[in-house]
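Undergrad: give me a model of this one.
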Amino acid sequence: MKKFKSHLVGDKKAIAQNNFSPKTECSGISPKLNVEKKYNKKWTIFSPFSHKKETTPISTDNITDTEEINGENIKILSEKDIKVLIEQKQYFKADCHLIKLEHERYAHDSTEIDEDLIEEKNKVESLYELLSVEIFTVAKNSMNISKENANLLKMAVQVKTQEEKLDQMCLEEKGTCGGIAKVRPRGWEAKWLDTLEQSVNQRLGELLPNVSDVDKAKLPIECLVQHHKQLKEDFDTIVNCIKPCYPQEYNICEKYVEYYHKKCSSHMELIVESGPKGKEVYPILHWIYICYPKLMNTITQSEETSQELSSTLLPESMISHLKSEYFSALQADARMHMANSLHIEEENWRREEEPIVLNEHYHSELPIDIIQIIEGAIQDTRTLTNEMADRALDIMLREAHSFLECFQRSAENLEKSNFNNANFISITILITNCCEVIRNYIDTNEKITNVEIKEKVLSILNEMQKKRKDILLKTLFCNLKPHCKKLVTEKWFESSDPIDKIFELLEEHLTRLLKLKAPLYQNLLRDIHKQLITEYIIRIMKKRLYCKTENKQKSVADQIENEAAQLQKIFTFYQSEDTFLESALLKIAEIIRLKDVLAITVEVAALFQDFPDVRKHHIEAILYIKGNVKKSDEKQILNILNAPLNDAGTSKDMKLFTTSTVLKTL
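TA: Alright, predicted model coming up:
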């Protein structure tokens, strides 16, 4: 009992924390105090934060009794004056006197029935009830009071803390604290926390309105917007206004975090149970992964803690369900937009108008649309989590593959129905350019880690580009075919019409091909150049021309040489880099022109050196055109081909004599 009594002492610091001055505190106890200012014995005020003593003069008109504690007489205010202190919101002062009064009334634990004592005890309990109502009202309205009258909240916190410490002392000395054990612990700490939780529930409870089925689609977004606004406002108040009213070791922010997290979690479960679909899911996931951790970080001041809270906002099963809904919606949305973009592109094809030219190439918005659909989905998802973004990328690539299959079918249908259309070549070039843009995106995207799906996408792009390239190549040679057949014939020797027509068609086609994107154009130009030179050589091998005289041999050689130069000039103008192709025709022309067997042999060796796929029958055909080569000389010339020159490692581009040409397939 002595130990319990020893804690009923206070200090100057406790009063100073509440800005209490002796004059201010006592002036509200009784009207007589301001007039008479009668002061008598000094008394000590209890403070939970110190065991120092602070003396404050008390009017003798309000003293009901005295009690000796640790050798000092403590003057106790009447119930009436304590009530006045409570009504004047001087809670800490009132609580100090009430504790003394409680000690006086319950100090002696007697089994005898004393009606007067019972009545006195009831008065004490009534005062405690009145004080508790006031204190917990302050706690309930902490959000507003902390901004309007922070000292009032500080005082309430001190009263609650003081009462809790007395509860603890009573529990520790339960057998020696007399009748006080019957009313303590009063449990104000638990009631205080319950009050805070109820206030949080009340503040957030109004943010989940009952809506009709018609408004259910708006429920998630509206609720989350309101939650964000309310939490931002409340957390700012807690950190800046409420936290300073509590002792640092009390960790009031942690308690508020617990209550807000619990209520937010229940609200999120209700929102998810309302069955959000499609685009309604993204705001929920964005709230969980982005907004909520940021908000919580303002009060926890710990990103790790905030992320942990975010991860426990909803059960894992609900999170999985939301992700599943989100990815289904993402996939369906991408599929729809890709299909719409393809439909628009098909409509443009049917207009029979030349495609748009941008940066000297045929341009379509289709590949840009597809890339934007993919990137948009990934970027939106990456704002949630990197893991989800990786999964979104895989889904988008699969959708891109499905789109390309549809794109391929559309291109094939175009070829079947519009082959003779004036813009068919232009549209074919446009489709090829579309594939190239998508290819560049896929090839250079370092975020793609799914090698399997990447290879599938590139495979279909390769297939489409190869098919378009074949079409462009065959279209040209289909037009050149009748004129190529006249090369190195008597009609060709007598007239320049065949080669002139070839030059004309070639330039016309190459001009259109310039609308291809650079890598595609260069690749196709190389094939056209090689194919045309090869076709020219094949015409020489046909033995459709025979020169009986040396003059004719010279004229034929000059004509081949001139035409080779003209071809090279055209291809150079159109940016061909394969200058070596011209040399094949120049060497053949020189073989036809030369008279000396040794010189011819040297030239054949040079031809064989540059183009190792030359065979004896090729040289025989060239010598046939000369018309006057003896069999013995021919044998001598052909012997040079017996030299051990291996063409196994020869570049495919260097093989002109054994390569098939497009014309054979037409």
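Undergrad: average pLDDT across stretch 105-116?
TA: Per-region confidence: stretch 105-116 scores 68 on mean pLDDT.
Undergrad: where along this structure do the strands fall?
TA: Across the chain, reading from the start of the chain, the strands by DSSP state E fall at 42-44, 55-57, 63-69, 72-77, 356-358, 361-363.
Undergrad: can you tell me what sits against the last one?
TA: Outside strand 361-363, the residues that touch it by C-beta atoms under 8 Å, 6 or more residues apart in numbering are Pro355, Ile356, Val357, Ser426, Ile429, Leu430, Asn433, Lys515, Leu516, Lys517. Where C-beta positions appear, they are placed from N, C-alpha and C, glycine not excepted.
Undergrad: which one of those is nearest to Ser632?
TA: Using C-beta to C-beta, Leu516 is the member of the contacts of strand 361-363 that lies nearest Ser632, at 52.6 Å.
Undergrad: give the contact list for the closest one.
TA: Taking C-beta under 8 Å, 6+ apart as the definition of contact, the neighbours of Leu516 are His361, Tyr362, Ile429, Thr432, Asn433, Leu524.
Undergrad: what about 7 Å?
TA: Residues touching Leu516, when contacts are defined by C-beta atoms under 7 Å, 6 or more residues apart in numbering, comprise His361, Ile429, Thr432, Asn433, Leu524.
Undergrad: please name the bridge partners of Leu358.
TA: On the basis of DSSP bridges, Leu358 is bridged to His361.
Undergrad: and the gap between it and Asn420?
TA: Summarising the geometry, the distance separating Leu358 from Asn420, computed by C-beta to C-beta, to the nearest Å, is 27 Å.
Undergrad: run the chain-centre distance for stretch 434-449.
TA: Counting by C-alpha atoms, centre = their mean, to the nearest Å, stretch 434-449 is centred 19 Å from the centre of its parent chain.
Undergrad: buried set for it?
TA: Cys434, Cys435, Glu436, Val437, Ile438, Arg439, Tyr441, Ile442, Asn445, Ile448 (16 or more other C-beta atoms under 10 Å).
Undergrad: excluding chain neighbours, what is closest to the fourth one?
TA: Yep, that's Val437 we're talking about. Setting aside the residues directly before and after it, Val437 is nearest to Pro367 in space (C-beta to C-beta, 6 or more residues apart in numbering), at 3.7 Å.
Undergrad: ok, now the third one?
TA: When the adjacent residues along the chain are set aside, Glu436 lies closest to Lys517, with 4.9 Å between them (C-beta to C-beta, 6+ apart).
Undergrad: was I right about the one you found contacting Asn433?
TA: Yes: counting by C-beta atoms under 7 Å, Lys517 sits close enough to Asn433 to count as a contact (5.1 Å).
Undergrad: who's more crowded, the two?
TA: Asn433 (25 against 20; other C-beta atoms under 10 Å).
Undergrad: what are the contacting residues of stretch 239-247?
TA: Taking contacts as C-beta under 7 Å, 6+ apart, the residues outside stretch 239-247 that touch it are Ser142, Ser146, Lys147, Ala150, Leu153, Lys154, Val157, Ile252, Cys253, Thr298, Ile299.
Undergrad: if we can go back for a sec, in JSON lines, list the contacts of strand 361-363 along with distance to Asp116 and pLDDT.
TA: Rendered in JSON lines, the data for those read as follows (distance: C-beta to C-beta, whole Å; pLDDT from 0 to 100):
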{"residue": "Pro355", "distance to Asp116": "107", "pLDDT": "93"}
{"residue": "Ile356", "distance to Asp116": "104", "pLDDT": "94"}
{"residue": "Val357", "distance to Asp116": "108", "pLDDT": "94"}
{"residue": "Ser426", "distance to Asp116": "112", "pLDDT": "93"}
{"residue": "Ile429", "distance to Asp116": "111", "pLDDT": "96"}
{"residue": "Leu430", "distance to Asp116": "106", "pLDDT": "96"}
{"residue": "Asn433", "distance to Asp116": "105", "pLDDT": "97"}
{"residue": "Lys515", "distance to Asp116": "111", "pLDDT": "95"}
{"residue": "Leu516", "distance to Asp116": "111", "pLDDT": "96"}
{"residue": "Lys517", "distance to Asp116": "106", "pLDDT": "94"}
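Undergrad: buried subset of those, written for PyMOL?
TA: Provided next is the PyMOL selection string for whichever of these are buried by 16+ other C-beta under 10 Å:
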select buried, resi 355+426+429+430+433+515+516+517
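Undergrad: want to try JSON lines for the contacts of strand 361-363, with distance to Ser660 as columns?
TA: As requested, these are exported to JSON lines (distance: C-beta to C-beta, whole Å):
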{"residue": "Pro355", "distance to Ser660": "32"}
{"residue": "Ile356", "distance to Ser660": "37"}
{"residue": "Val357", "distance to Ser660": "35"}
{"residue": "Ser426", "distance to Ser660": "28"}
{"residue": "Ile429", "distance to Ser660": "25"}
{"residue": "Leu430", "distance to Ser660": "29"}
{"residue": "Asn433", "distance to Ser660": "28"}
{"residue": "Lys515", "distance to Ser660": "28"}
{"residue": "Leu516", "distance to Ser660": "24"}
{"residue": "Lys517", "distance to Ser660": "27"}
